[in-house]
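Undergrad: only the shape, not the letters, is given here:
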Ligand code: C2E
Ligand code: CA
Ligand code: CA
């Protein structure tokens, strides 16, 4: 490919200069002999040679102008114009914002980013020509919506990213937020070759002083809602940007946290209300950096996104197995659970690593006691059911219990529930928080009944009050975890508690 491109790159300029050289040589030879023929004396010869020189300069300049004009046009088109819809692209928007930043000092404008979430379906199955027709129809509809907005006397510019998935609308001067919100439909539908094609999208916008940063701001606004099915439009929020930047900072520091002994384990006991005793605990990571505790919610998500959360989870697994071995020596048979992040569940090498660690630490010698439990979020289980299904099954054969964490929050599909290779269901805190509402009680009651009928153990997470505990007992759930009984505590304290 590289050789092919190189040939293409050098061949055309070579041909052009070669033709110029041949024609130029002919021109010099022919014109010289012609001048010598027609010049009657020396003065005439000098005169004709001067005219010839001037003619040469003028014709070369015209030629250079034509060539550079077309080349420049080509460069501008390929750099700044979307090749399919011919709208100015993202690079164009960057330059435009930079230009306006200088000319419209401190004035406010709106940048809206429409991020199409399902466009690849069309790209994969249609030709570029058809794609162009589809997108032009979509843009037509979008223009209709924009022009129906009451934004007279505003300058409106539309940009389209080369990968087709992002459309930017820049409106100057700034407009009212309600106008932006009013133009939101959940989707735009177009009619193409007797088919309806739905463009689904998320919208991020920012109202701010004109600057290149506006582009990053709309990215942040979209990023915040991209995984949330319930929200389709979001205004840039500076706090979220600070939050992400902080996460990024922690991402750089976490690698050294293990080496510097900055990680600790806290355990939150799980409690059986009927038997009045601790039935195990959940291990939760704690990071103390420069004397300050950094909550997992600040560093786990970025580690998950950057596929490096396995560092923490492997460290946790090793420590928990070692801890359980010491408990075994003291005849304490309480199970401890660890959290595994979604992408680890999908990652076959991580499974092998888990088994390796367990083998090295001789876990299988005492595995019959089921001292290890792995918590996998509901989202992971239902999202990629077929693929991950086999792996938890395999762990269960090795006497590792599997529980669904945060059950009920987003992706539950009842049809899959009976098939899951799991032992325990952890009802999410959000249901427990609302137990005083009758409808929630009905819901939680049916969840408990259903899970028990399917032979899954049920535990309620985030139980904080006596009232919640009473209701849960009434509804038939006797296992709880939450501040009501105990917050997560250092390992030493947990050991004291269970001895
Ligand atoms: P999670 O697995 O749902 O863990 C429960 C979280 O709820 C813990 O927060 C716990 O401290 C908190 N909690 C427990 N009871 C109550 C209560 O009564 N009220 C309230 N308000 N909160 C309660 P924590 O320790 O901050 O952990 C947050 C999340 O970070 C965990 O949610 C888990 O998803 C993740 N995480 C923690 N440790 C690890 C780890 O070692 N590996 C991985 N992959 N994720 C971890
Ligand atoms: Ca958990
Ligand atoms: Ca949970």
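TA: That came through, no problem. All values derive from a computational prediction rather than experimental measurement. Ligands and ions are numbered 1, 2, ... in the order given.
Undergrad: could you use CA atoms for every contact and neighbour count after this?
TA: Will do.
Undergrad: tell me the helices and strands packed up against the host helix or strand of residue 18.
TA: Per DSSP states H and E, residue 18 falls inside helix 2-38. Contacts defined by 3 or more Cα pairs under 8 Å, 6 or more residues apart in numbering; DSSP states H and E place helix 2-38 against helix 42-80.
Undergrad: pLDDT of the helix it packs on, averaged?
TA: Averaged over helix 42-80, pLDDT sits at 91.
Undergrad: neighbouring contacts of the helix or strand following that helix?
TA: The element immediately downstream of helix 42-80 (helix or strand, assigned by DSSP H and E) is helix 90-103. Contacts with helix 90-103, where a contact means Cα atoms under 8 Å, 6 or more residues apart in numbering, come from 79-81, 159-162, 210-212, 215.
Undergrad: avg pLDDT for the helix holding residue 18?
TA: On average, the pLDDT along helix 2-38 is 82.
Undergrad: now stretch 371-386
TA: So the average pLDDT for stretch 371-386 ends up being 78.
Undergrad: cool, stretch 246-264 as well?
TA: Averaged over stretch 246-264, pLDDT sits at 88.
Undergrad: can you tell if that stretch touches ligand 1?
TA: No. Stretch 246-264 stays clear of ligand 1 (Cα under 6 Å from any ligand atom), getting no nearer than 9.6 Å.
Undergrad: re the thing from before, could the contacts of helix 90-103 go into a markdown table alongside distance to ligand 3 and neighbour count?
TA: Converted to a markdown table, these look like this (distance: Cα to the ion, whole Å; neighbours: other Cα atoms under 10 Å):
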| residue | distance to ligand 3 | neighbour count |
| --- | --- | --- |
| 79 | 48 | 16 |
| 80 | 48 | 23 |
| 81 | 48 | 22 |
| 159 | 42 | 23 |
| 160 | 41 | 28 |
| 161 | 39 | 21 |
| 162 | 41 | 22 |
| 210 | 42 | 26 |
| 211 | 41 | 21 |
| 212 | 40 | 17 |
| 215 | 35 | 19 |
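Undergrad: from those, which is closest to ligand 1?
TA: Nearest to ligand 1 out of the contacts of helix 90-103 is residue 215 (Cα to the nearest ligand atom; 31.0 Å).
Undergrad: work out for me the element that closest one sits within.
TA: Applying DSSP H and E as the criterion places residue 215 in helix 213-225.
Undergrad: what angle do that helix and helix 90-103 make?
TA: With axes from the mean of the first three to the mean of the last three Cα atoms, to 10 degrees applied, the angle from helix 213-225 to helix 90-103 works out at 130 degrees.
Undergrad: in helix 213-225, what's buried?
TA: Going by neighbour count (16 or more other Cα atoms under 10 Å), the buried part of helix 213-225 is 214-215, 217-225.
Undergrad: returning to what we had before: any idea of the angle the helix holding residue 18 forms with helix 42-80?
TA: Using the same axes, to 10 degrees: helix 2-38 against helix 42-80 is 160 degrees.
Undergrad: contacts for stretch 277-291, please.
TA: By Cα under 8 Å, 6+ apart, the residues outside stretch 277-291 that reach it are 257, 262-272, 293-296, 316, 320, 334-339, 488, 498.
Undergrad: out of these, which end up buried?
TA: The buried subset of the contacts of stretch 277-291 (16+ other Cα under 10 Å) comprises 257, 262-272, 316, 320, 334-339, 488.
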